[in-house]
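[1] 3D, please:
(4 chains)
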4 protein chains.
Amino acid sequence: MNTIENIYGDGIGYVKLIDRMGDDFTPAEDARTSTDKGRLGPEKDTALQERLLVDNHTSPFEGVVVKFEMCVPLFVLRELDRHRTLDKNSENDPFEMVAPEENMRKWFSRNEMSGRYIQMPDLYYHPRAVRGQSQTNKQGGSADTLQISQEVADEFKARGKEISKAARELYTWGVEQGIEKGLARIYNTQNQYTRIRYTGSLKNWFDALNLRLPSVVLWECRQPVEAVLEMLRANFPQATKSWKELVYDGCRLTGAEKDTIRQLLEGAERTEVSFEIIKKLAKKIGANIDP
Amino acid sequence: MNTIENIYGDGIGYVKLIDRMGDDFTPAEDARTSTDKGRLGPEKDTALQERLLVDNHTSPFEGVVVKFEMCVPLFVLRELDRHRTLDKNSENDPFEMVAPEENMRKWFSRNEMSGRYIQMPDLYYHPRAVRGQSQTNKQGGSADTLQISQEVADEFKARGKEISKAARELYTWGVEQGIEKGLARIYNTQNQYTRIRYTGSLKNWFDALNLRLPSVVLWECRQPVEAVLEMLRANFPQATKSWKELVYDGCRLTGAEKDTIRQLLEGAERTEVSFEIIKKLAKKIGANIDP
Amino acid sequence: MNTIENIYGDGIGYVKLIDRMGDDFTPAEDARTSTDKGRLGPEKDTALQERLLVDNHTSPFEGVVVKFEMCVPLFVLRELDRHRTLDKNSENDPFEMVAPEENMRKWFSRNEMSGRYIQMPDLYYHPRAVRGQSQTNKQGGSADTLQISQEVADEFKARGKEISKAARELYTWGVEQGIEKGLARIYNTQNQYTRIRYTGSLKNWFDALNLRLPSVVLWECRQPVEAVLEMLRANFPQATKSWKELVYDGCRLTGAEKDTIRQLLEGAERTEVSFEIIKKLAKKIGANIDP
Amino acid sequence: MNTIENIYGDGIGYVKLIDRMGDDFTPAEDARTSTDKGRLGPEKDTALQERLLVDNHTSPFEGVVVKFEMCVPLFVLRELDRHRTLDKNSENDPFEMVAPEENMRKWFSRNEMSGRYIQMPDLYYHPRAVRGQSQTNKQGGSADTLQISQEVADEFKARGKEISKAARELYTWGVEQGIEKGLARIYNTQNQYTRIRYTGSLKNWFDALNLRLPSVVLWECRQPVEAVLEMLRANFPQATKSWKELVYDGCRLTGAEKDTIRQLLEGAERTEVSFEIIKKLAKKIGANIDP
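    Numbers count the residues shown, from 1 in each chain, chains lettered A, B, ... in the order given. All right, here's what the predicted structure looks like:
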């Protein structure tokens, strides 16, 4: 299972695993460089790898390398290449915060198509569903989104197609007229498809999944990342399972949250600890608490 | 001289030096960490720094840090973030080669605007001159470019403006109708302006100049880079001069070219060495030789 | 407060803040690149920076840069340059696990003394207290350490000094006899002092503190890192306080731990959730629970 | 040929190729991501790869990954992990210059043994030949080295062995007495053997060879690197040959040197160009010119 076709339902976008180095227990083998013990069987190797993940000692996961090829629209590539934080107070102050986090550009080796040398293929992404903006979270995608009427959706798609087509025609005509390719393409729309190969370590890919799998990420960006997860599961089932359960499904506590949990574990009543902290923590981990 | 306004002549694009750490002789000081000698005056410090540059020992140039803010179109940002090689045989095989080289994303810290949180400003780049494609070099910009008639240029600009405007209207309308911001913007054209801050060491900036200053680079990409060079010259005059003369204005020789030069220096006649190599070398370094 | 002298009590080791770029609220300013709002005052800037830290969106902390110079023994430098994980089952299987985590070499720019060019200074570290091995943790330093008698401590120190001295004499004599410096020094002991400059972003330094401040880290390695923390506090008081409380004093939960906490917050009794998980979690966060 | 044993002639040091991803023509395949052309046969693929190397477009060489394990002394590891420049004026000013260049730590993933968890093996390197210091080059190893008498060599080796032995005994005794392992080892000498795994791209390895193969590098450091070269040649014969001829055997010209060569190629007599530049260039490329 090394190719996932049709990630957007339009027969164009895909993700392929091109090559890999190492297997499910290479991290344990590398971690034991010191002792010459090598591999000690799936059970012990898994136990070691899980301890490494829990303790955030991830260099042994850098000795496994995976190369994927993706065909995705330009606007997806731009999002994959960085990360944005949530603005939790969007209603009040929509301009407050933008905080990018570098990701795939920084740690991956990339080879991408270039419109300066060849004519970019005449392939454009058009959304099937037109989603509404989330009201509590600027990144969209959550449950409480605005409803978009069929009429608005249809008009958006029709105008979008028309603009893409006009931009493509201008580009093709410009190239034919002898305009510099790098200049002719500047009016192209960002839904144009491109193709890229990323080479990264298993640790790099886990980090990328951490940033892009969450449901707040744009739907179009999550699709290639979910394809990556599926292929990592097929190729490194145990390591991927350990990472998913121990890292991805977990969370970070602040100092105050840790203290509060400590008090609770030591027997304090919920009324004895800060309700403010409990409330935030409950929201973070999805607990339904009584007000 | 820490701001260069109006890099594209449209009153929008600019580059600002936001902050810096270190000065013109910090590399020499850092290189002498070992000896407690610190600085020895401009002459000795320059001599040391030039030796470091010649010998490609650049870590002392990583102890100087500069932060720039740029306002440039999206298609320029995409080019700044990577590098493309020339295809010297474009006539014969236009599809032969695309070879990206990572650059600014990889070594710089970036903070960029995001259209997922705010409405991107209604600012778009439109070329004043419409350049023709180079006939010998796919990256365009060299002397032997196709001539573009006034009519074609005018039509290109008019259609480009219209498409940008239609795309902008669709985006604005879509956001008003409640469409998810990240989705509403996918039809936006790549000539839209964005703003970014890059933090990098002096070495990082020299490397970026190496990749983007050459005349084969797209004109729109060269403008912000030339602004960076001008501000580096104003803030680190000696180090920038040394780098320019010793590194940027120089070139690499292959083993065969080095051997040929050695033979010539040792007194061989030009007829005694490979004319094939001489010809390629002459082209590389811009020498006019008789056939 | 930009120099901390005498970190080992022998008048030799020290840490100096050489230079810096940015201040306490530069991360907020950089994070708002998108909105042109810049700084909004300490309160709002702190609130933004704390959200960035909690959400692990750390690129705005890469726009602040600090350069430190350290004088430390070689064996400390080697540890600073990497990280080792704990082996929690050391009694049973002392060879089980070694899992290094790259650190300061990878993200910092370094300039270090070199014994290949100059005679390394005749400065050696000797411990004042001779600590016993921890019985529960191979990294030593915790409370349950073996007691070392005065006699053993004295003998260790005396023999150590003698060996250092013999090694130094061999080195000096070798260099005088004309032996290649790089070869003459191979018998030198690892308690020899060296000097180094590290340039890193505030994010890099926070990451380094995360790895080296914990009490399980070798005492000699913690001293320079604690000096760094003290100087970051003096120069970036608010950002350092936020990081300390929100990140350093916090912890990570695995998926299972998060689920258990969720159940407890939703009203489950401690007897209703996995005691195995509660026990591990209590140990991790230092809670005293009844068995 | 994936293991080279006995690199120091003492039966201890070795280098092993543990794993790899990609083959001799993977760089060409990755460079053609854009065109879907994939591989075009050894001749065309080699031609493309050579152009990439000449133009310094190396990201396609980052899609090939190789993992080596090395057993080398600590002082070799320390040198592999960095690079030092030459001081060409050593006679006049022996303290003038130290200019480290980061290398293997920075771009490679590493897993090394740790003396904090296990007893380091009782293995120490002792030189067979005791080399003299070079008189023109502080890094030693060149032809004009001081002669070391048999007596001096014997005394150096005998005292070195004695010190290593005393240090080892102190360490072993200290651990037995319950001294913290991390502390007990601080008097250990730097000729102790350690073991490490490096994972890097083909580009990383080429860069490492560039820094460590030259004859000015310490003999003990060159041995593992020459073993790496030999195994790269066995596994990637064409790519390694291209790199060796085009990059490693070549050199850089400064702006002034390039201008001088240009003048010579255009027909200028040697008497018409700067003799100062000719002299330096001749020295750099090993040409014997008449004064």
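[2] make it CA atoms for all contacts and neighbour counts henceforth
    Fine.
[3] Point out the residues in the stretch 151-291 of chain A that sit beside chain D.
    Within reach of chain D by C-alpha under 8 Å from any C-alpha of the partner chain, the stretch 151-291 of chain A has these residues: A:195-197, A:199.
[4] farthest residue from the center of chain A?
    Computed with C-alpha atoms, centre = their mean, the residue of chain A farthest from its C-alpha average is A:Gln177, at 40.1 Å.
[5] Thought B:Glu151 was touching it, still the case?
    No. Look at A:Gln177 against B:Glu151 with C-alpha atoms under 8 Å: they stay out of range, at 10.7 Å.
[6] what does stretch A:168-178 contact?
    A:122, A:181, A:184-185, A:187-188, B:132-133, B:146-148, B:152, B:156, B:159-160 (C-alpha atoms under 8 Å, 6 or more residues apart in numbering or on different chains).
[7] Not counting residues beside it along the chain, what's closest to the residue of the stretch 1-150 of chain A at minimum distance from chain B?
    Closest contact between the stretch 1-150 of chain A and chain B, by C-alpha to the nearest C-alpha, is at A:Gln133 (3.7 Å). In this structure, A:Gln133 finds its nearest non-sequential neighbour in B:Glu180, 3.7 Å apart by C-alpha to C-alpha, 6 or more residues apart in numbering or on different chains.
[8] Next up, the contacts around the one you found.
    By C-alpha under 8 Å, 6+ apart, the residues touching B:Glu180 are A:131-134, A:140.
[9] Name the spans of the stretch 51-200 of chain A whose pLDDT lies under the cut-off.
    Scanning the stretch 51-200 of chain A for pLDDT under 70 picks out A:82-108, A:114-119, A:136-143.
[10] which residues in it form helices?
    A:74-80, A:104-107, A:150-176, A:181-184 (DSSP state H, counting those that start in this stretch).
[11] so which of the ones you listed comes closest to A:Phe25?
    helix A:104-107 (22.4 Å; C-alpha to C-alpha).
[12] tell me the most buried of the helices of the stretch 51-200 of chain A?
    Sort the helices of the stretch 51-200 of chain A by mean neighbour count, taking mean count of other C-alpha atoms under 10 Å in any protein chain shown, and helix A:181-184 sits at the top with a mean of 26.
[13] packing partners for that helix?
    Counting contacts by 3 or more C-alpha pairs under 8 Å, 6 or more residues apart in numbering or on different chains; DSSP states H and E, helix A:181-184 packs against helix A:150-176.
[14] so how far is the helix it packs on from its chain's centroid?
    Relative to its parent chain, helix A:150-176 has a centroid offset of 28 Å by C-alpha atoms, centre = their mean, to the nearest Å.
[15] give me every residue that touches the residue nearest to A:Val247 when sequence neighbours are not counted.
    In space, and not counting its chain neighbours, A:Val247 is closest to C:Thr254: 5.9 Å by C-alpha to C-alpha, 6+ apart. C:Thr254 makes contact with A:54, A:245-247, A:249-251 under the criterion C-alpha under 8 Å, 6+ apart.
[16] Which ones among those residues map onto helices?
    A:Val54 (DSSP state H).
[17] From the contacts of C:Thr254, pick the one nearest D:Thr33.
    Comparing these against D:Thr33 with C-alpha to C-alpha places A:Val247 closest, at 33.0 Å.
[18] contacting residues for that closest one?
    Contact analysis of A:Val247 by C-alpha under 8 Å, 6+ apart lists A:53-54, C:253-255.
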